[in-house]
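Asker: Provide a 3D model corresponding to the input given below.
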Amino acid sequence: MVFGKIEYLNLLPFHVFMKRFVRSSRDGMSMNYYKDVPAKTNKKFLSRGVDAAFISSIKAKGQKHVNLGIIAKKEVLSVIVVPNQIHLADKESETSNLLAKILHLKGEVLIGDKALRYTLQNKPHIDMAKKWNETHSLPFVFALLCYHKDKNLYKKIEKNFLKKKIKIPRYILKEAASRTQISEQNILHYLTYISYNLDEKAKRGVEKFYKEAQKWSQTR
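Answerer: Residues are numbered from 1 along each chain as shown. Take a look at the predicted model:
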């Protein structure tokens, strides 16, 4: 099995969970990882180069998925627009670039750990998830856990991941801090803004995004 692994901090708890899940699997489950940024992982999944991954919402439409996602109830800190007269997309993301256009935000789109580092410096920026929530009173779903086959396996992953509070081992937290140049304390604080449960309100958020994306495309 090949899993698309995106090593942004927002998925750190899930990767900790998966490491334990694979190790404890009774059927000797093996997992290989394809590691890249969201935009490239999307392409790899759609070409069936990976079996499952957290796929950007705009590319997850119509794909099989479980009720796990990368979700911001309000603000998210790591998906931002730096105000500028010139619009610059982030090549690592497709959903966030489109979201900026839907929200009529002009500037440089930044996502992931580099965006979080920018936010933590208290420089001028617009948090896109916060802006979305202020506009629509709904969470924003950045990605969904999609799969091509083995539905029962991914439903099992969903069930077990959501029922546990994942504690990140100190050595993993320390390594993540070193890799991203973001302090352990700030990483843990950031993760309080991330939800993974695709509940009914989050599902309405996804559907609203698809409708807004369609309306935007019809105006082009």
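Asker: Now for residue 101, how many residues are close by?
Answerer: 17 (other C-beta atoms under 10 Å). Glycine gets a C-beta too; all of them are placed from N, C-alpha and C.
Asker: Go ahead and report the secondary structure state at the nearest residue to it once chain neighbours are set aside.
Answerer: Counting by C-beta to C-beta, 6 or more residues apart in numbering, residue 216 is the residue found nearest to residue 101 once chain neighbours are left out, at 6.1 Å. Counting by DSSP: H, G, I helix; E, B strand; the rest coil, the backbone at residue 216 sits in helix.
Asker: Give the residue spans of the protein that score low on pLDDT.
Answerer: 26-29 (pLDDT under 70).
Asker: so where do the strands sit in it?
Answerer: Secondary structure of the chain (DSSP state E): strands at 2-5, 32-35, 52-56, 65-72, 79-83, 107-111, 126-127, 140-147, 194-197.
Asker: Can I get those strands in JSON lines including distance to residue 25 and mean neighbour count?
Answerer: Shown next, in JSON lines, are these (distance: least, C-beta to C-beta, whole Å; neighbours: other C-beta atoms under 10 Å):
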{"stretch": "strand 2-5", "distance to residue 25": "13", "mean neighbour count": "20"}
{"stretch": "strand 32-35", "distance to residue 25": "14", "mean neighbour count": "13"}
{"stretch": "strand 52-56", "distance to residue 25": "15", "mean neighbour count": "27"}
{"stretch": "strand 65-72", "distance to residue 25": "17", "mean neighbour count": "24"}
{"stretch": "strand 79-83", "distance to residue 25": "33", "mean neighbour count": "23"}
{"stretch": "strand 107-111", "distance to residue 25": "32", "mean neighbour count": "22"}
{"stretch": "strand 126-127", "distance to residue 25": "38", "mean neighbour count": "18"}
{"stretch": "strand 140-147", "distance to residue 25": "16", "mean neighbour count": "26"}
{"stretch": "strand 194-197", "distance to residue 25": "20", "mean neighbour count": "18"}
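Asker: No further questions, thank you.
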